[in-house]
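>>> structure for the following, please:
(one chain, ligands or ions: 1)
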Amino acid sequence: MITPNMHYADLEDSYLFYHIAQKTNAYLREHPQTRLLRMGIGDVTLPLCGAVIRALHEAVDDQAEKERFHGYMPECGAPFLRKAIAEHYRKRGVNLDEEEIFVSSGASDELGDILDLFDRSSNALIIEPAYPAYVDANVIAGRKIIHLPSGEENGFLPEPSPGAEADLIYLCSPNNPTGAVFNRAQLQRWVDFANRNGSIILFDAAYEAFIEDDTVPHSIFELERAETCAIEICSLSKTAGFTGTRLGYTVIPKALSRQGMSFNEMWIRNRTTKTNGVSYIIQKGGAAVFSEEGQRQIFENIRYYKGNAELLMRAFDHLGIWYCGGRNAPYLWIRCPNGMGSWEFFDYLLNEIQVVGTPGEGFGSCGEGYFRFSTFASREDTAEAARRIVRLLEKA
Ligand code: PLP
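Numbers count the residues shown, from 1 in each chain. Okay, the predicted model is just below:
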């Protein structure tokens, strides 16, 4: 009889969003007329920009013509898109060979699939609070996880420390859920630490487009010697509203190897075995993101979300509540007022002002006592939520 992968039994119930849905649905059953202000959403709400829509339409028309029709695409990505991405990095001072860029269907897929590159006996360091997929993908693979808690004392940006010498090190900057960002010096210390110990950093740059401080690197490859210790996983989901369209890219330098094995070559082998590439139409849409017009348009959308962040930051500044994020990320991570627990604060906001956010405890136990607000809601809902939060907490 076949033995299933028993590591699935080690997964903890992903209760966070399920539990949020249960509580909000129960509230709505009792108060059917209520319109909830959903400030917990991790999905974008603005549509794809004009340049992308035009490119998608043109690509659909290509598929209708014998001369312009495209069948299978190269497994590692269309040359036109790899070139556009390499050019995008070059503008930031990072020189990549196009063959170091792999087009993907998004960061989630890559965060799971990339683990194929490492022996199952390798362990993984996860800084918490963390995006839940990091833990779950490693549990499924049966890997040992080293949890590194972070907190207000280090701005949720821990330094490398004894005990953190894992084989794999997950870094996410700008961070989900905390919105915290590593500056150049902090990130360089992680790069040097990884190089010293032979670790590989999996750098999740899904939110890099939200960075506005010049001192904050968008890519780990802006740091010295990162090409010998890092893989970067990127996504157009939040950058350009591709959450439902699906497109991302992963950078694996040719200089990255261990024990005579090149991770770049291994990933080519992996992709050519396990995928048949991303659709031509979607890659055409993706290439439009990197055009001058596309860049201008996606930043209009990002500015809209940043306007929402501004409203929330102003509210918490006014209330004197500690938070991080908001400036370089689409999330604000606040300390729950009056010593409330994460779920206690969730219930309080839901019952008193019909605002829904995300309890920090759902991202790891050190998130207890904190709460995440997203800036992806509409301006109207965000402004109203900020007003209600101020009114409620001013009198609390
Ligand atoms: N990484 C982080 C930190 C995220 O927050 C998300 C999505 O919310 C992803 C990766 C997944 O992105 P994608 O939509 O490209 O799968």
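>>> residue ranges in the protein under the pLDDT threshold?
Low-confidence segments of the chain (pLDDT under 70): none present.
>>> what's the closest non-adjacent residue to the residue most central in space within the chain?
Nearest to the mean C-alpha position of the chain, counting by Cα atoms, centre = their mean, stands residue 206 at 3.9 Å. Nearest in space to residue 206, with sequence neighbours left out and distances taken as Cβ to Cβ, 6 or more residues apart in numbering, is residue 235 at 4.5 Å. Where C-beta positions appear, they are placed from N, C-alpha and C, glycine not excepted.
>>> which residues does that neighbour form beta bridges with?
Beta bridges link residue 235 to residue 248 when assigned by DSSP bridges.
>>> now it: how far from residue 176?
For residue 235, the distance to residue 176 equals 11 Å [Cβ to Cβ, to the nearest Å].
>>> hmm, stretch 190-207 in reach of the ligand?
Yes. Contact between stretch 190-207 and the ligand, assessed by Cβ under 6 Å from any ligand atom, occurs at 204, 206.
>>> buried stuff in that stretch?
190-195, 199-207 (16 or more other Cβ atoms under 10 Å).
>>> now the element after the helix or strand residue 285 falls within, going C-ward?
In this structure, residue 285 sits in helix 280-289 according to DSSP states H and E. The helix or strand immediately downstream of helix 280-289 is helix 292-319, counting by DSSP H and E.
>>> which other helices and strands contact the helix or strand just after that following helix?
Next along the chain after helix 292-319, taking DSSP H and E as the criterion, comes strand 323-325. Contacts defined by 3 or more Cβ pairs under 8 Å, 6 or more residues apart in numbering; DSSP states H and E place strand 323-325 against strand 331-335.
>>> next, the angle helix 292-319 makes with the strand it packs on.
Calculated by axes from the mean of the first three to the mean of the last three Cα atoms, to 10 degrees, strand 331-335 forms an angle of 10 degrees with helix 292-319.
>>> what does strand 331-335 contact?
Residues outside strand 331-335 that contact it (Cβ atoms under 8 Å, 6 or more residues apart in numbering) are 152, 156, 174-180, 309, 312-313, 316, 321-326, 360, 369-375.
>>> what parts of the protein come near the ligand?
Counting by Cβ under 6 Å from any ligand atom, the chain sits next to the ligand at 42, 106-108, 131, 172, 176, 204, 206, 235, 237, 243, 248.
>>> among those, which are in strands?
172, 204, 235, 248 (DSSP state E).
>>> which two from the residues you listed end up farthest apart in space?
172 and 248 (14.2 Å; Cβ to Cβ).
>>> thought residue 227 was touching residue 255?
Yes. Shown here, residue 227 and residue 255 form a contact pair, counting by Cβ atoms under 8 Å, at 4.4 Å.
>>> what ranges do the helices span in the stretch 101-250 of the chain?
For the stretch 101-250 of the chain, helices defined by DSSP state H, counting those that start in this stretch occupy the ranges 107-113, 132-140, 184-197, 237-240.
>>> restrict the first one to CA atoms and write it as CSV.
What follows is the C-alpha trace of helix 107-113 in CSV, where atoms were taken according to Å, rounded to 0.1, in the frame of the first residue of the first chain:
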residue,chain,number,x,y,z
ALA,A,107,5.9,33.9,-5.9
SER,A,108,3.8,31.4,-4.1
ASP,A,109,4.5,28.7,-6.7
GLU,A,110,8.2,29.5,-6.5
LEU,A,111,8.4,29.6,-2.8
GLY,A,112,7.2,26.0,-2.8
ASP,A,113,8.9,24.6,-5.9
